[in-house]
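1. Any chance you can model this:
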Amino acid sequence: MAKKSHRANRPSPYQVSFIHPVSGKRTKKCFKTQAAQEDAFRYYDRIEYLQRTNQEWRREWYNEDVAATIGDVFALFRTDYLSDIKNDDTVRKYESTLKSVTAIFPESTPVEMIRGLERHMAVGLRKGWGIYKAHREAMGRTRRGINSYLSEIHTAFQYALENGGKDNNGLITLNPIKKGRMGDKFKKSELEPLDVFEWTNANIKRLFNSEAMPKYHRELVMVYSLIGVRATELAGYNYKDRNKELKWHHVDLKKGEIMLWVGKQGSAARRKRAPLHPEVVKIFTKWRDVDNLERPIPHAYRWIWNTMKEVKQITGLNFTNHDLRRLKAQLTEKKTHDAKAAAYSIGDKSVEMVKSHYAPTSMSTLRHFNEEAFSQLTTELECSA
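-> Predicted coordinates for the structure are as follows:
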């Protein structure tokens, strides 16, 4: 049955908890006054009584608390959440995600109905978010990309769970996307294997020893590989975010250091000091003092992308710009046999991310482990003799 409680020093200290008639879960509502608490308690207690005694409760429930729709949730998310985000790329990303949902489920769909929906599709009967996943796969989207979208959709529904509605205590009573091991995302065993570009010794020689490559292209490849950052962090022009533009005052050639932009806009975004390899210092010095470049790389990302495209055509290597970042991580891992060192080398905090996306454990490291294990075995045998 419904229960009343009071928690002092809260904006809305008067609480009522009850069993939600649709989800079956105990739900909490908070109120600013005791009178509002009493009214709510009588209402929710009656709803519980009607359901418990198998009487009609839906008409009274939905008259008082109209079921929120997908459109209601997304409108709240756009108005209250996205309006405060200053990064245009982030806003566009979320907008694309929300539209991917309403392209499959009508905006008028009640949130509480999503998980119960069924559709016969080319891959068979699908239910709830299985419908969304099957649609996205049919469009050519990868399962890892679909999982990323589901995480962002979960964020929108979670916001509506905690905001909006009566007294701003929540527009919906449950998040329709389940997380965790038995959640709605594709499981690890269901994901396509990652195809990480491997910088073999032959590939590295083709990249750096190509006689047909212009000198500036070779210098740019060297700078890109040895710094190990994203192309957007090296670009001298970034019309979407001027803060990210790399200029000469961000480079200290005497100390051999560079200030790189990390993070997104807001309090977390800042420039972080990183060391420069002497070879990079030599190239930067030439670019500034001999070539008289107004910025280390006086171009936007598109120019860097096109230049690397030319490098690929010259060398015959089918790598991406991001693979040059992987190069530094893979070289570090092979030399140190340490995934954490590989992560540090490219400024990434997540060792697991680096191991899965940048520098998987190399054969060189595995051989090193074999040799170390054999060495230890020899030691143990000698000690036991």
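2. start to end distance for stretch 228-242?
-> 21 Å (Cα to Cα, to the nearest Å).
3. Need the contact partners of stretch 249-261.
-> 227, 229, 233, 243-244, 246, 269-278, 281, 284-285, 288, 296, 347 (Cβ atoms under 8 Å, 6 or more residues apart in numbering). Just so you know, the C-beta spots here come from the backbone N, C-alpha and C atoms, and that holds for glycine as well.
4. Stretch 134-145 too?
-> By Cβ under 8 Å, 6+ apart, the surrounding residues in contact with stretch 134-145 are 100, 103-104, 121-123, 126, 133, 146, 149, 186, 190-192.
5. thought residue 14 was touching residue 6?
-> Yes. Contact criterion Cβ atoms under 8 Å: residue 14 and residue 6 qualify, at 5.9 Å.
6. so of the contacts of stretch 134-145, which ones are in strands?
-> 121, 126 (DSSP state E).
7. out of the contacts of stretch 134-145, which are buried?
-> The neighbour count (16 or more other Cβ atoms under 10 Å) marks 100, 104, 126, 133, 146, 149, 186 as buried among the contacts of stretch 134-145.
8. Give the closest residue to the first one in space, chain neighbours not counted.
-> So that's residue 100. Counting by Cβ to Cβ, 6 or more residues apart in numbering, residue 149 is the residue found nearest to residue 100 once chain neighbours are left out, at 6.1 Å.
9. got the residue ranges for the strands in this structure?
-> Under DSSP E, the chain gives strands at 3-6, 14-19, 26-31, 118-121, 124-127, 251-252, 257-262, 270-275.
10. right, so of these, which gets closest to residue 59?
-> With Cβ to Cβ, the closest approach to residue 59 among the strands of the chain belongs to strand 14-19: 17.8 Å.
11. Who are the contact partners of the residue nearest to residue 100?
-> Residue 149 touches 97, 100, 136, 141, counting by Cβ under 8 Å, 6+ apart.
12. For the first one, give its distance to residue 147.
-> What that stands for is residue 97. 12 Å (Cβ to Cβ, to the nearest Å).
13. do residue 234 as well
-> Taken as Cβ to Cβ, the span from residue 234 to residue 147 is 30 Å.
14. Could you do residue 358 as well?
-> 19 Å.
15. Counting neighbours, go ahead and name the busier of these two.
-> Remark: of residue 358 and residue 147, residue 358 carries more neighbours, 27 against 18, as counted by other Cβ atoms under 10 Å.
16. count of neighbours near the nearest residue to that one once chain neighbours are set aside?
-> Excluding its sequence neighbours, the residue lying closest to residue 358 (Cβ to Cβ, 6+ apart) is residue 329, at 4.1 Å. Residue 329 is flanked by 26 other residues according to other Cβ under 10 Å.
17. I figured residue 329 hits residue 361, correct?
-> No. Between residue 329 and residue 361 there is no contact, the gap being 11.9 Å when judged by Cβ under 8 Å.
18. Identify the contacts common to the two.
-> Residues touching both residue 329 and residue 361 by Cβ under 8 Å, 6+ apart: none at all.
19. so who does the residue nearest to residue 239 when sequence neighbours are not counted touch?
-> Residue nearest to residue 239 in three dimensions, not counting chain neighbours: residue 300, with 6.9 Å by Cβ to Cβ, 6+ apart. Applying Cβ under 8 Å, 6+ apart to residue 300 gives the contacts 235, 236, 237, 238, 239.
20. hmm, which of the residues you listed are the buried ones?
-> 235, 236, 237, 238.
21. Of these, which is the nearest to residue 61?
-> Checking the buried ones among the contacts of residue 300 against residue 61 with Cβ to Cβ, the nearest one is residue 238 at 52.3 Å.
22. From residue 236, how far out is the closest residue in space to that closest one that isn't next to it in sequence?
-> Once flanking residues are discounted, residue 238 sits nearest to residue 244: 4.6 Å by Cβ to Cβ, 6+ apart. Distance, residue 244 to residue 236, using Cβ to Cβ: 10 Å.
23. on that earlier part again, make TSV out of the contacts of residue 149 and add distance to residue 208 and pLDDT.
-> Below are the contacts of residue 149 laid out as TSV (distance: Cβ to Cβ, whole Å; pLDDT from 0 to 100):
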residue	distance to residue 208	pLDDT
97	40	95
100	42	95
136	40	94
141	36	92
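24. Can you pull the domain assignment for this protein?
-> The chain breaks down into these domains under automatic domain parsing: 3-64, 70-190.
25. Please identify which of residue 14 and residue 6 sits among more neighbours.
-> Neighbours per residue, other Cβ under 10 Å: of residue 14 and residue 6, the larger number sits with residue 14, 21 against 10.
26. residues touching that one, list them.
-> Contacts of residue 14 (Cβ under 8 Å, 6+ apart): 4, 6, 30, 31, 32, 33, 34, 36, 37.
27. Ok, residue 246 next?
-> Applying Cβ under 8 Å, 6+ apart, the residues near residue 246 are 233, 234, 235, 236, 260, 261, 295, 296, 297.
28. How about the third one, nearest residue that isn't a chain neighbour?
-> Once its chain neighbours are removed from consideration, residue 235 has its nearest residue in residue 301; the separation is 5.0 Å (Cβ to Cβ, 6+ apart).
29. neighbours around the one you found, how many?
-> With other Cβ under 10 Å as criterion, residue 301 counts 20.
30. isn't it right up against residue 232?
-> Yes. With contact defined as Cβ under 8 Å, residue 301 and residue 232 form a contacting pair (5.3 Å).
31. Overlap in contacts, those two.
-> Listed as contacting both residue 301 and residue 232 by Cβ under 8 Å, 6+ apart are residue 238.
32. confidence score at the most centrally placed residue in the chain?
-> Nearest residue to the geometric centre of the chain (Cα atoms, centre = their mean): residue 148, 6.6 Å. pLDDT recorded at residue 148 is 93.
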